[in-house]
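Colleague: Okay, sequence plus prediction incoming.
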Amino acid sequence: MPQTIASEHGQLASLRVHADDNVRVALKDLPAGSEIDDGGRILRLAEAIRHKHKFTLQDLAEGDTVIMYGVTVGRATRPIAAGGAITTANTEHSTATTKPQAQRGEWHAPDVTAFESITFEGYHRPDGQVGTANVWLVVPLVFCENRNIDVLRQCVADALGDDPYRDYKRMARELLHGAAGSVADEPYGERLFPNVDGVRFLTHTLGCGGTDDDAQALCRLLAGYICHPNVAGATVLSLGCQKAQINMLKSAVAERDPDGLRPVHYLEQQASLSETALIREALTTIFDGLAAANRVERAPAPLSALTLGVECGGSDGFSGLSANPLVGAVVDRLVALGGSGILSEFPELCGVEHELIARCRDDVVAERFRELMDAYQQHAARVGADFSMNPSPGNIRDGLITDAMKSAGAAKKGGDSPVVDVLDYTEPRHHAGLNLLCSPGNDVESTTALTGSGANLILFTTGLGTPTGNPITPVLKISSNSELAERMSDVIDFDAGPIIRGEVSIDALAEHLLRLCIDTASGRYQPRAVQLAQYDFIPWKRGVSL
């Protein structure tokens, strides 16, 4: 079961998030006529309010702003009586400027005394990076090689059954075990490479048929994966004639690994004698790579070597109240210890830009954020889209009525520490501390991007439930409510529901979650996504998705 904290207090009926808010959030279903105590003032609900949805604390006229988290999250499109529900029928997206709560240079770091002497057990790489996992990576440069990737996947797994790839599987056993392996039809139970977490295979739909920029972006993303601290080395399959050429990927890898410390094998099918020869050579590089990777053992590393990517997906009306600020509190603690966080999903920062700009460490970083955000919004407008389209039907059904409302809660995953740098898509993290990464709001595309920029552990919050994982970076799933944690215990790792029930503080729960992060980074805890082999990888075809 997901980890939880014991109850300390009774359940609350509703919550005002910030003193300046003119709405409250229902923490359970509230019937019409219910009396709500709002700081000593009794408010009678004008209608029934579903849990996770918001209701007004005063009469709102058409055009009045709706304020939550202390920032504007919408505009009333018709009069709303005090105690009335906020819905898509009476409220629309608005990002009218409000005074930032944050002020540059005024961050007060949390007390991390209890963690100052703690280390994690990681894989130390020759370039000084530290991995939380140890995998060999197999990647295609173009979608034409996806079929060969699947052949290799099945061969390496030594799957059973009378299937089209049985001869290749026999070949794999012979290469790994010698001639005796050709007799056995059962998979091997022992771990031949106990210090390796496995071989991970990527597939995608890019590499040819797109623009030059698409090909370059793909190569930069793949280079981020190949040179990732969780990767021991890689085997790359190329067709030969595609737009994303081997030399392009080699150049992208050289930018991240100028000394050539990461072993990478490039194989081109059109230059190979046959498919059989290609598969044989690929299998040989994989098994030789596994043998080399197995010689690396976990060793103590400082928490400053951790980079937490933070992501949300399947958000609900509680995500911004429990799971997201909980993750933000963990990021703040890691930053105080010298580590790093990466906050992505630019469409889900729309409406709180002024807060993040106020937190940028200097004007240069603030201007980079403005430029990337403006460019993204302008491109979306050119294709007839807008960030206000971001909330999904599931988000809206669970009370996230506008994009600004969703963004205000989503940004809480970044905590309160200063923004030290802003990264464009595929750019690697260079500075310790909180970084912003330009990526879409699509869960898997953004999670894919976080890993490509160097996140070696990902915290993924969800209110509706999602099995999302990543091929090379462990992903911990944090539920916003306990009902989800119980119902989808096979995919949820940590329950933030006690925060909603008023049973435990965010600060207290953050220390528990940080310890789970350390256990995961050390290999002592295996996330549900890893147990399920949920290895999602979707490159962002820029401009197509929000």
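Modeller: Everything's here; your move.

Colleague: Val420: what secondary structure?
Modeller: Assigned state for Val420: strand (three-state reduction, DSSP: H, G, I helix; E, B strand; the rest coil).

Colleague: same question, Thr276
Modeller: Per three-state DSSP, Thr276 ends up helix.

Colleague: Helix or strand: which one has the closest residue to Glu297 other than its chain neighbours?
Modeller: Once flanking residues are discounted, Glu297 sits nearest to Asn195: 5.4 Å by CB to CB, 6 or more residues apart in numbering. Bear in mind the C-beta positions are built from the backbone N, C-alpha and C, glycine included. Following DSSP states H and E, there is no helix or strand that holds Asn195.

Colleague: can you count the residues close to Asn195?
Modeller: Asn195 has 16 neighbouring residues, counting by other CB atoms under 10 Å.

Colleague: Now do the helices in the stretch 301-450 of the chain.
Modeller: 323-336, 353-359, 363-382, 393-397, 403-410, 443-452 (DSSP state H, counting those that start in this stretch).

Colleague: starting at the chain centroid, how far to the fifth one?
Modeller: Put plainly, it is helix 403-410. Relative to the centre of its chain, helix 403-410 is centred 17 Å away, using CA atoms, centre = their mean, to the nearest Å.

Colleague: by how many degrees do that helix and helix 323-336 diverge?
Modeller: With axes from the mean of the first three to the mean of the last three CA atoms, to 10 degrees applied, the angle from helix 403-410 to helix 323-336 works out at 50 degrees.

Colleague: contacting residues around helix 403-410?
Modeller: 54, 66, 68-69, 71-74, 93-95, 312, 315, 319-321, 324, 345, 347-352, 387-391, 395, 400 (CB atoms under 8 Å, 6 or more residues apart in numbering).

Colleague: Return the subset of those residues lying in strands.
Modeller: 54, 66, 68, 71-74, 312 (DSSP state E).

Colleague: Export the residues you listed to TSV and append columns for neighbour count and pLDDT.
Modeller: Formatted as TSV, these follow (neighbours: other CB atoms under 10 Å; pLDDT from 0 to 100):
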residue	neighbour count	pLDDT
Lys54	28	91
Val66	25	90
Met68	25	85
Val71	26	79
Thr72	22	82
Val73	32	84
Gly74	28	87
Cys312	30	94
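
Colleague: Among the residues you listed, which one lies nearest to Cys144?
Modeller: Cys312 (34.2 Å; CB to CB).

Colleague: Any figure for the gap between the closest one and Asp150?
Modeller: Taking CB to CB, to the nearest Å as the measure, Cys312 falls 31 Å from Asp150.

Colleague: distance of Ala449 from Gly463?
Modeller: 22 Å.

Colleague: Counting neighbours, go ahead and name the busier of the two.
Modeller: Gly463 (32 against 29).

Colleague: low pLDDT regions in the stretch 101-250 of the chain?
Modeller: 101-102, 158-166, 179-190 (pLDDT under 70).

Colleague: now what about stretch 242-253, what contacts it?
Modeller: 141-142, 144, 206-210, 212, 214-216, 218-220, 222-223, 226-227, 236, 238, 262, 264, 266, 268.

Colleague: Could you list the buried residues of it?
Modeller: 242-246, 248-250, 252-253 (16 or more other CB atoms under 10 Å).

Colleague: one step back: make a PyMOL selection of the buried ones in the contacts of stretch 242-253.
Modeller: Selection of the buried residues among the contacts of stretch 242-253 in PyMOL, burial being defined by 16+ other CB under 10 Å:
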select buried, resi 141+142+144+206+207+208+210+214+215+216+218+219+220+222+223+226+227+236+238+262+264+266+268
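
Colleague: Return the subset of the contacts of stretch 242-253 lying in strands.
Modeller: 236, 238, 264, 266, 268.

Colleague: Gly339: which of the residues you listed is nearest?
Modeller: Of these, the one sitting nearest to Gly339 (CB to CB) turns out to be Val264, at 27.7 Å.

Colleague: Helix or strand for the nearest residue to that closest one once chain neighbours are set aside, just tell me which one.
Modeller: Nearest non-adjacent residue to Val264, counting by CB to CB, 6+ apart: Ala234, 5.0 Å away. Using DSSP H and E, Ala234 falls within strand 231-238.

Colleague: With just CA atoms, put the following helix or strand past that strand into PDB.
Modeller: The C-terminal neighbour of strand 231-238 among helices and strands, as given by DSSP H and E, is helix 246-256. Output of helix 246-256 as PDB, limited to C-alpha atoms (Å, rounded to 0.1, in the frame of the first residue of the first chain):
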ATOM      1  CA  ILE A 246      24.200   9.500 -36.900                       C
ATOM      2  CA  ASN A 247      26.600  12.500 -37.100                       C
ATOM      3  CA  MET A 248      23.900  14.800 -35.800                       C
ATOM      4  CA  LEU A 249      23.500  12.600 -32.700                       C
ATOM      5  CA  LYS A 250      27.200  12.200 -32.300                       C
ATOM      6  CA  SER A 251      27.600  16.000 -32.200                       C
ATOM      7  CA  ALA A 252      24.800  16.300 -29.700                       C
ATOM      8  CA  VAL A 253      26.400  13.600 -27.500                       C
ATOM      9  CA  ALA A 254      29.800  15.300 -27.800                       C
ATOM     10  CA  GLU A 255      28.300  18.600 -26.400                       C
ATOM     11  CA  ARG A 256      27.300  16.800 -23.200                       C
END
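
Colleague: Measure how helix 246-256 sits relative to strand 264-268, angle-wise.
Modeller: 170 degrees.

Colleague: Centre of the chain to helix 246-256, how far?
Modeller: Counting by CA atoms, centre = their mean, helix 246-256 comes out at 25 Å from the chain centroid.

Colleague: got the angle for it vs strand 231-238?
Modeller: Going by the same axes, to 10 degrees, helix 246-256 makes 160 degrees with strand 231-238.

Colleague: need the helix or strand of this protein with the lowest average pLDDT.
Modeller: Sorting the helices and strands of the chain by mean pLDDT, DSSP states H and E puts helix 393-397 at the bottom, at a mean of 71.
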